[in-house]
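Q: Sequence first, predicted model second:
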Amino acid sequence: MTPPPGKAPAGFSGAHAVITGGSSGIGLATARRLAAAGATVSLLARDRDRLAAAADDLRRSGATVHSRCADVADPAALTAALGELTAAAGPCDILLSCAGVARPGRFTELSDETFRRMIEVNYFGTLYALRAVVPEMVRRRRGSVVAVSSAAGLIGIYGYSAYGPAKFAVRGLMESLRAELRAHHVHVGVVYPPDVDTPALAEENQWKPAETLAISGAIRPLHPDAVARAILTGIRRRRFIICPDPGTRALVRLGSLLFPLLNWSFDRKAAAVRRP
Ligand SMILES: NC(=O)c1ccc[n+]([C@@H]2O[C@H](COP(=O)([O-])OP(=O)(O)OC[C@H]3O[C@@H](n4cnc5c(N)ncnc54)[C@H](OP(=O)(O)O)[C@@H]3O)[C@@H](O)[C@H]2O)c1
């Protein structure tokens, strides 16, 4: 049954959830939970084989799954893929913009191309997906759009001068959208994961300067399913800020009070690495 405007479908039954970056990590874990709760899921990513394997895996557990390959940084390809997915499975009820990439490194050692790519994938990839689905949600006066930012989108961290600003930009975009889409009964959420145990984190760790490793070393990564659980709760309760762990929640709530203490602690850890 179609829920009234502004209401998320109870249990997500009959909802069409589109997940960019749905073939791995947080996106795949969320797709799995949404499918188990009754949603039809559409997965979007670049690598055809990994996407097909993820879709097959979900189908084996009884899910209805569609998938398309596209680079979220390519607006024409992304919009065409999203159009095909909605033609196949109906209008998008839930968008999770999860596709993203992190390349840490020292500011002076990162290439211009890396700075550009971080913004193109993380920020513009989210923007283009939103631009493709939001008008129809506004017209239907229902839907939920959730973007994945990062704890690195809340506080500047050593080694994240390319990735961090892109995730700050995602946060800014979602804050503006929240204010605009309220009147149209469209829920807007933004997720702030800390380190999460995914293939992306394993890749990212290989690029982290020693200082960044020292700062993040003490943090035990979350399981992607813990983030997925928080995202589903966030959508059900129409939460704007979605924090999967108490540390990030504290950062959101007490940010400017905690920053001096956190910066002091981060600076000490970074300095300890440089000490002979
Ligand atoms: N893991 C963490 O510690 C962590 C912490 C905070 C925030 N995040 C954010 O969480 C999101 C998911 O990350 P994850 O850790 O789950 O990573 P992951 O396991 O590597 O999954 C990333 C997904 O995004 C897709 N993707 C990457 N670049 C893409 C592009 N240009 N176009 C389309 N799809 C693309 C990947 O597939 P293809 O490569 O095949 O395209 C894959 O499906 C990202 O936005 C990341 O920044 C992660």
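A: Received the coordinates, thanks. Numbers count the residues shown, from 1 in each chain.
Q: Please count neighbours and contacts with C-alpha atoms only from this point.
A: Fine.
Q: low pLDDT regions in this protein?
A: 1-10, 275-276 (pLDDT under 70).
Q: can you give me the strands in the stretch 101-250 of the chain?
A: 144-148, 187-191, 241-242 (DSSP state E, counting those that start in this stretch).
Q: And the contacts of the last one?
A: Contacts with strand 241-242, where a contact means C-alpha atoms under 8 Å, 6 or more residues apart in numbering, come from 189-192, 230-231, 234.
Q: What residues does the chain have near the ligand?
A: Proximity of the chain to the ligand is confined to 21-27, 45-47, 70-73, 98-102, 121, 148-150, 193-201 under the rule C-alpha under 6 Å from any ligand atom.
Q: hang on, the earlier thing: redo the contacts of strand 241-242 as TSV? Include neighbour count and distance to residue 267.
A: Converted to TSV, these look like this (neighbours: other C-alpha atoms under 10 Å; distance: C-alpha to C-alpha, whole Å):
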residue	neighbour count	distance to residue 267
189	24	31
190	27	28
191	28	26
192	25	22
230	18	31
231	29	32
234	23	33
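Q: want to throw those into CSV with distance to residue 177?
A: What follows is these, written out as CSV (distance: C-alpha to C-alpha, whole Å):
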residue, distance to residue 177
189, 9
190, 11
191, 14
192, 17
230, 21
231, 18
234, 16
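Q: Between the residues you listed, which sits nearest the ligand?
A: Closest approach to the ligand among these (C-alpha to the nearest ligand atom): residue 192, at 6.5 Å.
Q: so how many other residues sit close to the residue nearest to that closest one when sequence neighbours are not counted?
A: Using C-alpha to C-alpha, 6 or more residues apart in numbering and skipping the chain neighbours, the partner closest in space to residue 192 is residue 150 (4.3 Å). Using other C-alpha atoms under 10 Å, residue 150 is surrounded by 23 other residues.
Q: And residue 175, by the same measure?
A: 16.
Q: What of residue 21?
A: 25.
Q: ok, now which ones touch it?
A: 27-28, 43-45, 97-100.
Q: among the residues you listed, which two are most distant?
A: Spanning the widest gap among the contacts of residue 21 are 43 and 100, at 14.0 Å by C-alpha to C-alpha.
Q: More neighbours: which of the two?
A: Taking other C-alpha under 10 Å, residue 43 and residue 100 do not tie; residue 43 has more neighbours (27 against 23).
Q: what sits opposite that one in the beta ladder?
A: Beta-bridge pairing of residue 43 under DSSP bridges involves residue 19, residue 67.
Q: if I pick it, what's in contact with it?
A: With C-alpha under 8 Å, 6+ apart, residue 43 has these contacts: 18-23, 31, 51, 55, 65-68.
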